[in-house]
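Enquirer: Predicted model and sequence below, questions to follow.
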Amino acid sequence: MTRAVSLCAVILAAGESTRMGRDKALLPWPPPSPASQATSGTFLSAAIRSLAPFSELVIVVAGKNEANLQAVAYAEGASLVRNPEPERGQFSSLQTGLHEVLNRGRDAAMVTLVDRPPVSPSTLQALCDAFNTAIAEGKWAVVPENEGRHGHPILMGREMMEAFLRAPATASARDIQHQHQIRIQYLAVNDPRIRTNVDTPQDYADLSSSG
């Protein structure tokens with residue numbers, strides 16, 4: 001498999017999961033089915049296992065839930081960094097994670113959200129291949145899309161990382177991507193999981209029933 005040079009995976013997991021009612025990072029994955037209540041991990045452990053083969057290291061951005069995520073993150077060989085002000089929103093967690101990537105001496109990141117089922121290895125491979133080519137051609141990032149909708153993970157080089165880090169904490173990732181759209185390559189993938197969000201108990205139930 002091909003990994004991008006110095007690529008570091010970042011999993012944003014600092015949210016309070018208010019709509020879910022419990023920490024989404026620790027939801028069982030795969031979800032228990034009517035036929036079997038057995039599960040082999042959590043959303044967080046599945047995300048780490050999914051991204052680890054395609055990156056040099058995996059960083060989990062936690063918030064007030066740091067103590068609850070430590071055991072899972074460390075058991076899977078990931079690093080953990082805390083967003084000191086998670087109440088500022090998801091963009092602040094992104095900035096926290098990207099700061100840590102640069103502090104670790106890496107110059108590229110693969111960023112995803114913890115509340116998404118892991119995408120397929122073939123999707124990750126396609127993104128890495130596209131990223132290596134795009135960076136060589138002067139692009140700053142590769143964003144997957146499926147059925148016209150953008151998703152995660154997003155792969156970005158140093159220029160895109162620095163654009164996010166220069167932005168005020170009140171900005172959003174979407175705003176910054178829009179400002180630099182000419183520098184982004186959008187890659188169509190046949191993987192609906194790149195755009196699947198799990199925000200509520202009903203979302204999780206729907207995901208469980210779909211297998």
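Expert: Arrived safely.

Enquirer: Could you use CA atoms for every contact and neighbour count after this?
Expert: Noted.

Enquirer: So which bits of the helix ranked longest in the chain are buried?
Expert: Secondary structure of the chain per DSSP state H: the longest helix is helix 121-136. Residues Thr123, Leu124, Gln125, Ala126, Leu127, Cys128, Ala130, Phe131, Asn132, Ala134, Ile135 are the ones in helix 121-136 that count as buried (16 or more other C-alpha atoms under 10 Å).

Enquirer: which other helices and strands contact it?
Expert: When contacts are defined as 3 or more C-alpha pairs under 8 Å, 6 or more residues apart in numbering; DSSP states H and E, helix 121-136 sits against strand 141-146, strand 154-157, strand 184-188.

Enquirer: Make CSV from the buried residues of helix 121-136 and add distance to Ala188 and pLDDT to it.
Expert: Converted to CSV, the buried residues of helix 121-136 look like this (distance: C-alpha to C-alpha, whole Å; pLDDT from 0 to 100):
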residue, distance to Ala188, pLDDT
Thr123, 10, 98
Leu124, 12, 97
Gln125, 13, 96
Ala126, 10, 97
Leu127, 10, 97
Cys128, 13, 96
Ala130, 11, 97
Phe131, 13, 97
Asn132, 16, 94
Ala134, 14, 96
Ile135, 17, 94
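
Enquirer: can you give me the helices in the protein?
Expert: Here the chain has its helices, by DSSP H, at 43-51, 66-75, 90-103, 121-136, 158-166, 173-179, 201-210.

Enquirer: Gly151: which of those helices is closest?
Expert: Closest approach to Gly151 among the helices of the chain is made by helix 173-179 (11.0 Å; C-alpha to C-alpha).

Enquirer: Please save the CA atoms from that closest one in CSV.
Expert: Provided in CSV are the C-alpha atoms of helix 173-179 (Å, rounded to 0.1, in the frame of the first residue of the first chain):
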residue,chain,number,x,y,z
ALA,A,173,-13.3,24.2,7.8
ARG,A,174,-15.8,24.6,5.0
ASP,A,175,-15.2,28.4,4.9
ILE,A,176,-11.4,27.8,4.5
GLN,A,177,-11.8,25.1,1.9
HIS,A,178,-14.1,27.4,-0.1
GLN,A,179,-11.5,30.2,0.0
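
Enquirer: Which secondary structure elements does that helix sit against?
Expert: Here helix 173-179 touches helix 158-166, going by 3+ C-alpha pairs under 8 Å, 6+ apart.

Enquirer: Tell me which residues of the helix it packs on come out buried.
Expert: Arg158, Glu159, Met160, Met161, Phe164, Leu165.

Enquirer: so who does the last one touch?
Expert: To tie it back to what came earlier, the one meant is Leu165. If a contact means C-alpha atoms under 8 Å, 6 or more residues apart in numbering, then Leu165 has Gln95, Leu98, His99 as its contacts.

Enquirer: coming back round to it: would you format the helices of the chain as a markdown table with distance to Ala25 included?
Expert: Formatted as a markdown table, the helices of the chain follow (distance: least, C-alpha to C-alpha, whole Å):
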| stretch | distance to Ala25 |
| --- | --- |
| helix 43-51 | 5 |
| helix 66-75 | 8 |
| helix 90-103 | 14 |
| helix 121-136 | 20 |
| helix 158-166 | 24 |
| helix 173-179 | 21 |
| helix 201-210 | 12 |
